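In: one predicted model, sequence on top.
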Amino acid sequence: MTPQVLPFEDFALLDDAECEAIIRQSRERLGARCVVLGHHYQRDEVFKHADFTGDSLKLSRMAADSTAQYIVFCGVHFMAEVADILSRPEQIAILPDLAAGCSMADMANLADVDRCWRELSQVLGDADARVTPVTYINSAADLKAFCGRHEGTVCTSSNAQKILAWSFARREKVLFFPDQHLGRNTGYRMDIPLEDMPVWDYGRPNGGLSDDEIRRAKIILWKGYCSVHQMFQPQHIDRFKAEHPETLVIAHPEASFEVCQKADYIGSTEYILNTVRAAPPNTRWLVATELNLVNRLREEVRAQGKDVHFMSPTVCMCSTMFRTDPQHLAWILANLAQGAVVNRIHVSDSDADAARYALNNMLSLN
């Protein structure tokens, strides 16, 4: 007999304390059959319930290595897709709120990337012979599958330079999507001139580029960006350091080129956390990444005399990450506790196989 699904409406108006009680009771019933993953950018009310915390790839690999039947990913849609791709067939990936997407990931879709590939082939000849497609892990599963089908790969913010080196060893050019800033910041650190990294505007024929620009390009950057990291501006650094000149600046490579050029350190969320944690006491840090992570880091290192500041003067948390709230997590877990699966994320076998190939190209370099 199929278990009856509890409707979300029964949970939507519960306060956080009521949700917490349901979450704890449900987890006791589920035991080791369920693992809850919490991305760094999650709100505290959800983050505290996670068995594992970290960035998206790390969490997916940890879940796949676990004995859990259910993988509840408190993150966004592409993260749950990666968890489904890398997990075992008997494991089930679940996203608490299906509306939790990623604005950056949404800036590249398969139709636009397919058209780009055809237009590149018209200028360069066979694109498969001259261009390696590389997608940032912050992308949909069908784009990871596209990269797999064209002998490309996936990258993260921590291994992008290694991935670009691997790609150039195979072909002369790289098509990098969806985040232009990660591609530009990484390419520049590899001594690739800015003029050799043009931006492909997917809303225009030939990406808005001339044939000569395409032929000259080393990295063709997709016109995409993270709405959170777009908020940080170089003048934020200048103003802060005018008042606190001893400040150390650390930025995520999804921030703009101008911000990263003014930063003392550039790296992934894990890199930011580890760098500030390992820093000497009584240091001051200005951090360019998502607000929830910065706030937790500030509290963690306060006792060491370290001052951690959020770079933007305005609040800019990840609004899609924020959609995962205690009410959705309580609803998911209460249903699982009685045997009902809601909000399952499942990638088709065809796309999963091709995406896994691209991911394995990346993982083989680690």
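Out: Happy to help now that I have it. Small disclaimer: the values here were computed from a predicted structure and weren't measured.
In: tell me the buried residues in stretch 11-19?
Out: 11, 14, 19 (16 or more other Cβ atoms under 10 Å). No exception for glycine: its C-beta is placed from N, CA and C like everyone else's.
In: those residues in helices, which ones?
Out: With helices identified by DSSP state H, the entries of the buried residues of stretch 11-19 that belong to them are 11, 19.
In: surely residue 336 touches residue 34?
Out: Yes - with contacts defined as Cβ atoms under 8 Å, residue 336 counts as touching residue 34 at a distance of 6.1 Å.
In: need the residues touching each of those two.
Out: Common contacts of residue 336 and residue 34, defined by Cβ atoms under 8 Å, 6 or more residues apart in numbering, comprise 70, 72.
In: hang on, the earlier thing: now the buried residues of stretch 11-19 in CSV, with pLDDT and distance to residue 107?
Out: Conversion of the buried residues of stretch 11-19 to CSV gives the following (pLDDT from 0 to 100; distance: Cβ to Cβ, whole Å):
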residue, pLDDT, distance to residue 107
11, 96, 32
14, 96, 35
19, 97, 33
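In: return the member of the buried residues of stretch 11-19 nearest to residue 206.
Out: Distance from residue 206 was checked for each of the buried residues of stretch 11-19 by Cβ to Cβ. The minimum falls on residue 11, at 49.4 Å.
In: state the distance from that closest one to residue 144.
Out: 33 Å (Cβ to Cβ, to the nearest Å).
In: just give the closest residue to residue 207, not the sequence neighbours.
Out: Distances taken as Cβ to Cβ, 6 or more residues apart in numbering put residue 200 closest to residue 207, at 3.4 Å, once the chain neighbours are dropped.
In: pull the number of nearby residues for residue 340.
Out: Residues within reach of residue 340, counting by other Cβ atoms under 10 Å, total 14.
In: for the record, mean pLDDT for stretch 216-234?
Out: Model confidence over stretch 216-234, given as mean pLDDT, is 94.
In: just the buried positions in stretch 185-202, please.
Out: Of the residues in stretch 185-202, 185, 186, 187, 188, 192, 197, 198, 199, 200, 202 count as buried by neighbour count, 16+ other Cβ under 10 Å.
In: oh, that last question was meant for stretch 122-134, not what I typed.
Out: Applying 16+ other Cβ under 10 Å to stretch 122-134 flags 123, 124, 127, 128, 131, 132, 133, 134 as buried.
In: next one: the helix or strand hosting the fourth one to chain centre, how far?
Out: Translated: residue 128. Following DSSP states H and E, the helix or strand that holds residue 128 is helix 127-130. The gap between where helix 127-130 is centred and where its chain is centred comes out at 27 Å by Cα atoms, centre = their mean, to the nearest Å.
In: cool, and stretch 28-47?
Out: Distance of stretch 28-47 from the chain centroid (Cα atoms, centre = their mean) equals 18 Å.
In: so how far does that stretch reach from one end to the other?
Out: For stretch 28-47, the separation between the terminal residues is 18 Å (Cα to Cα, to the nearest Å).
In: quick one: mean pLDDT over it.
Out: Stretch 28-47 carries an average pLDDT of 93.
In: could you do stretch 80-97 as well?
Out: This predicted structure assigns stretch 80-97 an average pLDDT of 96.
In: quick one: end-to-end distance for it.
Out: Using Cα to Cα, the end-to-end distance of stretch 80-97 comes to 11 Å.
In: for it, buried residues please.
Out: With the criterion 16+ other Cβ under 10 Å, stretch 80-97 contains buried residues 80-87, 91-97.
In: over to stretch 165-181?
Out: Within stretch 165-181, the residues scored as buried using 16+ other Cβ under 10 Å are 166-168, 171, 173-181.
In: strands - which of the residues you listed land there?
Out: Mapping the buried residues of stretch 165-181 onto strands (DSSP state E) picks out 173, 174, 175, 176, 177.
In: verify the stated contact: the last one with residue 138.
Out: It refers to residue 177. No - applying Cβ under 8 Å, one finds residue 177 not in contact with residue 138, separated by 9.9 Å.
In: against residue 240, how distant is residue 229?
Out: 17 Å.
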